[in-house]
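>>> coords please:
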Amino acid sequence: AGGCSCRLQPLSHPAGGAGSRGRGAGRGGMALQEVLMSRAMQCQSCLPWGSWAQLARSLAGSRGVSVCAAAVPGELASLVVCPRKGLELGCVRYQGDSQESSAQHSSSHHGQSHLRDFSGAIKKHQKSLSAWFSHQPNEERQFGPSFSLDAVHVDPVIRESSLEEILKPSPDLTVQNQLQQPCRKVISLHNLFDVDACGRQVKNVVLYGTVGTGKSTLIKKMVVDWCHGRLPRFELVIPFSCEDLSHSHAHVSLRRLVTKKYQHLRDVVPVLEASNLKVLFILNGLERLNLDFRLAGTELCCDPNEPVPPSAIVVNLLRKYLLPEASIIVTTRPSAVRRIPGKYVGRYAEICGFSDTNLQKLYFQMRLSQPGCSGEESQDRSSAEQENLVEMLSRNLERHNQITAACFLPSYCWLVCTTLHFLYFTRTVPPSQTLTGIYTSFLRLNFSGEVVDSTDPTHISMMKYVAKTVGKLAYEGVMSRKTCFSEEDLRQCFEVEMKTESELNLLEVFRSDVFRFFLSPCVQPGKEHTFVFTIPAMQEYLAALYVVLGEKKTLAQRVGKELSEVLGKVSEDVAVVVNIISKVLPLRFLPVLFNLLKIFPRYFSRVSGKDRDAIAHTMAQELFKEEDYYNDDVLDQINSSILGVEGPMRHPDEAPDDEVFELFPIFMGGILSRRNRAILEQLGCSIKNLAAFEIAKAMKKTVIRKGRRGLPPSELMDYLFFLHEFQNERFTAEAVRSLRAVNLSSVKMTPLKCSVLASVMSTTGHEVEELNLTSCNLDSSSLRTLFPVLLRCKALHLQLNSLGSDACKEIRDLLLHDKCVVSNLRLANNPVGEQGARYLAEALAKNRSLTQLSLLHTGLGDPGAEAIAQHLAENQHLQELNLGYNSLTDTAALRVVEVAKRHETLDKVHLYFNDISEDGKRALDSLRMDRDGVRALVFLTAGTDVSDYWSYILSVVQRNLPFWDRERVQQHLALLLQDLESSRSQTANPWRKAKFLRVESEVKKMLGKLQDGSL
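Okay, the predicted model is just below:
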């Protein structure tokens, strides 16, 4: 045997031969298998037939092992080593020079046999994996409908890379280096294990990409594809999370590691070496593991049954000492790629996200067009709304706006869709989520469990590092009112305080892995050499987090925080305190310390209180900023940032664009809510309950005091949204009680805003003096959402809202409710129509609160007026009724007036701008309250209470002319002119006649300018 020159080796061993088993050779049953396999390496020419037979007889009694030899000397010799239970471990055949081909044939034969034997176990494994990897995270289920990976997944661009590119020096923070690299070979996920350029079979693949490019989602899709038979290259897939492996420090064997996680594979794992199954190991998130490929750091191991540290298993799998025929795919962030020596990697591939705009469009099309995305109600309208959203998004992407750069990252595509779902399809009261909650959960999806660098001893969480660095940049931008940052700004925030090697290393990792997640090159002309936050609202969120976490502190506040933390853990003995503090603070603070200790609790309590007051003051100050130039509220601004700005041009009275950061205080309030604090705690950003309570208490007086003054509609909507985000019912109730009048005119009341308004106002039961919802795009569903709020409003303004008969049915139910307190209802300029008038007439008959009803320009016609007149007699409380501009003829007008004469309380009926003859106007105008019991106003200018407003009317028309329908303006001016002429002819007072003539000349002048286009 010593002179044998055969090179035959067991198929399950690495290239090192049987001797490379090392420590495994001396361990019980494994030692016996080693001896058998070692002897099996000897060929027939070196071991006579008698020796074969003797070997068989000597080992026949071995526990759990049987040996079979060829029956005829000189023929093909076979040695089969198998346990008594009949499970083959391996087979080696030898026949002269055909050794290799025979071995391969045998391996293939037995591999197919094992695949048949374990197909049931593998199918169970596939079913279990499919259920686990198809499971949607809480964020998916909470913020909209859940979609399977098959339904909405779009593969990101994957480009083949090389070690040379990865090992290039880290670039500076310049725009040029952050832009997309030149095109390299694009490769699909299923082709990652194809042969390389030299024709060598690829076994190890490193798939890397920055945060948010879709590594984890891509792996989930890969596993699900295999479970459904769409990845036939591999017969068995075994995924591992490197985060889970990093938390395990006990020694464990590969066999135990697999079976512990995947119990269905307990019968398959023992034969992975011998069965020749095509196995794929997936190692997701390699940056979580601190790997050492030096032999001195991680010793060799080729035995799947030998307990070693989990990191050693990973290293030896990649070395190919352990299961050398297995394929491995590793995902990692760029900074950790070099932890694996290049000689162990067959292919490098970089995930480049949705660098193609068409992929972004495809994702949005699939995501936003899914059935059920818009909920159950109004499917036809919702479907049209979905199509409209997709169309607007596509147009905005084609303009190559900043959103195109943001949606380069699939994670931000998810955030955009989730935000749109929140903005457009929220119809529950209270809303099941908040905007702050969406952003907090989005960060949890991307940074949960993430540390900046697993090799750094501080193990600082990624989110905490981002809050301290990017948050500082965001906050300084908010304070200085800017969104574009130069490279110098970045250096000031990231590098100026770096003093140690560890801090510089952390910065290097951040720049490599996370920088582009938060900041991207600005695409606006003239700002090419600056950076902006990838998603604008993220700047305000991080600025809010920076402030609420208390990262912005003066020196005294920092000293006070450190002292109070230490003193809270030790006795008040001065010597002990000084001894500990001297190790924490520089020596120059010791003299100050001795003086402070005399008044310690009081002083530092005051410092801490000032810190909380400062946060509260910042929130209140930002929420009620005087220089708020925008007419849009924050939700409209978010909508515009996603879908682009479409519609009328900016009003000439508005100031030029300026950054106002209205989301900043809202996010500060939202971050203080209990749920968001719990999520941030998981991310390493701790906000204590006591701190949140103290901040809320310090802020309450300021917010309530400033909330009492009359706020512009858009700012009031922001205030209500802030109260919703804060998620503190007691605080909200106290703030809302101060709101006696709520003016939200011209605020586009989306389903979300209606839900927020209803939720916030429901915290109290107080009556609202006035609710102005003029021109707010309301519909019947909006009224249903707001129903509990409308019941408590004395004056309700619903003009200019396109409220038709369906909405009037809701208003009827409102007015008939026994708790309704509405006394003044204005429905002017709504398409009420005849049917709507019938619903309102039913309400008039039994309502006991309404005293004023305006149906000006509601398309009633004679039938609608007749329906009102029929039920008007049953009403006992109405005092004023406006039926102007409804195309009423003499008959309908006189019918209403006749009923009004007999009404106990109704004393004024408006009938101007109707199709009433001159004789009819004279007859109606002659009615007197003291004589006839009612006054009919057939002219808009009748009475000084109305005619004095003509100059205001004309000024409003002129100011808004660029934004209004010019044809409709001309029509209304013509009606006004006709009304003025009729009024002038009816009056005998020369002073009034002169006044009418002056107004007529102004109206004629404006009409003339409109007709010749000079206005």
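
>>> What sits closest to Gln365 if chain neighbours are left out?
Val390 (5.5 Å; CB to CB, 6 or more residues apart in numbering). Every C-beta, even on glycine, is put in place using the N, C-alpha and C of the backbone.

>>> That neighbour touches Met366, doesn't it?
No - using CB atoms under 8 Å, Val390 is not in contact with Met366, being 9.7 Å away.

>>> one step back: within the helices and strands, which one has the residue nearest to Gln365?
helix 379-398 (DSSP states H and E).

>>> Please put the alpha-carbon coordinates of that helix into PDB.
Provided in PDB are the C-alpha atoms of helix 379-398 (Å, rounded to 0.1, in the frame of the first residue of the first chain):
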ATOM      1  CA  GLN A 379     -64.600  50.900  -7.000                       C
ATOM      2  CA  ASP A 380     -65.200  52.800 -10.300                       C
ATOM      3  CA  ARG A 381     -64.100  56.100  -9.000                       C
ATOM      4  CA  SER A 382     -61.200  54.600  -7.200                       C
ATOM      5  CA  SER A 383     -60.000  52.800 -10.300                       C
ATOM      6  CA  ALA A 384     -60.000  56.000 -12.200                       C
ATOM      7  CA  GLU A 385     -58.200  57.700  -9.400                       C
ATOM      8  CA  GLN A 386     -55.600  54.900  -9.400                       C
ATOM      9  CA  GLU A 387     -55.100  55.400 -13.200                       C
ATOM     10  CA  ASN A 388     -54.800  59.100 -12.700                       C
ATOM     11  CA  LEU A 389     -52.100  58.700 -10.000                       C
ATOM     12  CA  VAL A 390     -50.100  56.400 -12.200                       C
ATOM     13  CA  GLU A 391     -50.400  58.800 -15.100                       C
ATOM     14  CA  MET A 392     -49.300  61.800 -13.000                       C
ATOM     15  CA  LEU A 393     -46.400  59.800 -11.500                       C
ATOM     16  CA  SER A 394     -45.200  58.700 -15.000                       C
ATOM     17  CA  ARG A 395     -45.300  62.300 -16.300                       C
ATOM     18  CA  ASN A 396     -43.300  63.500 -13.300                       C
ATOM     19  CA  LEU A 397     -40.700  60.800 -13.700                       C
ATOM     20  CA  GLU A 398     -40.300  61.700 -17.400                       C
END
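
>>> buried sites along that helix?
Using 16 or more other CB atoms under 10 Å as the test for burial, helix 379-398 gives Ser382, Glu385, Gln386, Leu389, Val390, Met392, Leu393, Asn396, Leu397.

>>> tell me the mean pLDDT over it?
Helix 379-398 shows a mean pLDDT of 74.

>>> which helices and strands does it pack with?
helix 357-368, helix 402-406, helix 410-425, helix 634-643 (3 or more CB pairs under 8 Å, 6 or more residues apart in numbering; DSSP states H and E).

>>> For stretch 322-337, buried residues please.
Buried-residue list, stretch 322-337, by 16+ other CB under 10 Å: 322-337.

>>> In terms of distance to Gln799, which of these ranks first?
For those, the minimum distance to Gln799 (CB to CB) is 56.3 Å, reached by Arg333.

>>> Secondary structure class of Ala544, three-state.
helix (DSSP: H, G, I helix; E, B strand; the rest coil).

>>> Oh, that last question was meant for Leu322, not what I typed.
coil.

>>> List the contacts of the spatially closest residue to it that is not a sequence neighbour.
Spatial nearest neighbour of Leu322, excluding adjacent residues (CB to CB, 6+ apart): Asn316 at 4.0 Å. Taking CB atoms under 8 Å, 6 or more residues apart in numbering as the criterion, Asn316 is in contact with Thr298, Leu300, Cys301, Cys302, Val308, Leu322.

>>> Leu757 is in contact with Leu744, isn't it?
Yes - with contact defined as CB under 8 Å, Leu757 counts as touching Leu744 (7.5 Å).

>>> Looking at these two, which has the bigger crowd around it?
When neighbours are counted by other CB atoms under 10 Å, Leu757 and Leu744 differ, and Leu757 comes out ahead with 26 against 22.

>>> next SSE after the helix or strand containing that one?
According to DSSP H and E, Leu757 maps onto helix 751-761. Once the chain leaves helix 751-761, the next helix or strand it forms, by DSSP H and E, is strand 768-772.

>>> How much space separates Thr889 from Leu860?
According to CB to CB, to the nearest Å, Thr889 stands 12 Å off from Leu860.

>>> typo on my end, it should be His910
Relative to Leu860, and taking CB to CB, His910 is found at 12 Å.

>>> Between the two, which contacts overlap?
Shared contacts of His910 and Leu860, counting by CB under 8 Å, 6+ apart, come down to Leu883.

>>> got the residue ranges for the strands in the stretch 901-1015 of the chain?
Under the criterion DSSP state E, counting those that start in this stretch, the stretch 901-1015 of the chain carries strands at the ranges 908-910, 935-937.

>>> Adjacent strands (with direction) for the last one?
Applying DSSP bridges, strand 935-937 is found paired with strand 908-910 (parallel).

>>> How far does the strand it pairs with sit from its chain's centre?
In terms of CA atoms, centre = their mean, to the nearest Å, the centre of strand 908-910 is found 53 Å from the chain centre.

>>> I'd like to check what contacts it. Which residues are they?
With CB under 8 Å, 6+ apart as the criterion, strand 908-910 contacts 854, 856, 879-884, 896-897, 900, 934-937.

>>> need the helix or strand of this structure with the lowest average pLDDT.
None of the helices or strands of the chain scores lower by mean pLDDT, DSSP states H and E than strand 90-94, at a mean of 35.

>>> And Gly214, how close does it get to Glu235?
Applying CB to CB to Gly214 and Glu235 gives a distance of 26 Å.

>>> residue contacts, Lys794?
Glu767, Val768, Glu769, Glu770, Val821, Val822, Ser823, Asn824.

>>> now the helix or strand containing it: how far from the chain's centre is it?
Assigned by DSSP H and E, Lys794 belongs to strand 793-797. Taking CA atoms, centre = their mean, one finds strand 793-797 lying 36 Å from the centre of the chain it belongs to.

>>> Stretch 991-1006 too?
Stretch 991-1006 has its average C-alpha position 58 Å from the chain's average C-alpha position, going by CA atoms, centre = their mean.

>>> just to revisit the earlier point, what would the buried residues of helix 379-398 look like in a markdown table with distance to Leu286?
Shown next, in a markdown table, are the buried residues of helix 379-398 (distance: CB to CB, whole Å):
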| residue | distance to Leu286 |
| --- | --- |
| Ser382 | 43 |
| Glu385 | 43 |
| Gln386 | 39 |
| Leu389 | 38 |
| Val390 | 37 |
| Met392 | 40 |
| Leu393 | 35 |
| Asn396 | 37 |
| Leu397 | 33 |
